[in-house]
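Enquirer: Show me the folded form of this:
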Amino acid sequence: MLLSLRLLLIAPLLVCLSVQTAMAGTEPLFSLSASLRLFWGLLIVLGVLLIVYALVKKKLSFLSGGSGKSVITIVEMRHLMPKKSVCLIKVRDQEFLIGLGNDQINLIAAIHPAPPDTIKPPDTNDFATALTVAASTGNP
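Expert: As a prediction, this is how the structure comes out:
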């Protein structure tokens, strides 16, 4: 795209210079009117390119869901076979595991957030005490 943009910006300059060299006997090489025509032509081409760029960007952002914070996010996706995958999505702080097939989407499970860990580490720095507390609670 950068190459085509350069060509679009350089092409009017080359055309203007070739016209001026053909009429070398009648006008100076860089006249004020030819330079102004070239400048306005470049501004018009640049304006059209910016308008097209803005329209394409707006159209693509509409298709991709916008740039704002989305309510639905894809946490992880795993492909199992061709055209079959499992996807973990998050919708308003709740996670869902869904299966994606050729022509269908199936809800496999709604995953609820796990409660916070209720086991507190002992307040001592002694390894023997920590080991006996862990053995008494059944934690490996």
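Enquirer: for the chain, what's the longest helix?
Expert: When the chain is parsed with DSSP state H, its longest helix is helix 32-64.
Enquirer: For the helix or strand that that helix is followed by, which strands pair with it and how are they oriented?
Expert: Downstream of helix 32-64, the first helix or strand assigned by DSSP states H and E is strand 72-81. Sheet pairing of strand 72-81 (DSSP bridges) gives strand 84-91 (antiparallel).
Enquirer: any weak-confidence spans in the protein?
Expert: Along the chain, the parts satisfying pLDDT under 70 run over 1-31, 61-68, 114-125, 138-140.
Enquirer: May I see the domains of it written out as residue ranges?
Expert: Under the assignment automatic domain parsing, the domains of the chain span 2-64, 69-140.
Enquirer: Need the distance between the two termini of stretch 55-71.
Expert: 25 Å (Cα to Cα, to the nearest Å).
Enquirer: Please apply the same query to stretch 86-99.
Expert: End-to-end distance for stretch 86-99, by Cα to Cα: 5 Å.
Enquirer: quick one: buried residues of that stretch?
Expert: Across stretch 86-99, burial judged by 16 or more other Cβ atoms under 10 Å covers 87, 88, 90, 95, 96, 97, 98. Using the backbone N, CA and C atoms, a C-beta is placed for each residue, glycine as well.
Enquirer: partner residues bridging the fifth one?
Expert: It refers to residue 96. Under DSSP bridges, the beta-bridge partners of residue 96 are residue 89, residue 110.
Enquirer: Quick check: it touching residue 86?
Expert: No. Look at residue 96 against residue 86 with Cβ atoms under 8 Å: they stay out of range, at 11.1 Å.
Enquirer: For residue 75, which residues are in contact?
Expert: Residue 75 makes contact with 88, 89, 90, 95, according to Cβ atoms under 8 Å, 6 or more residues apart in numbering.
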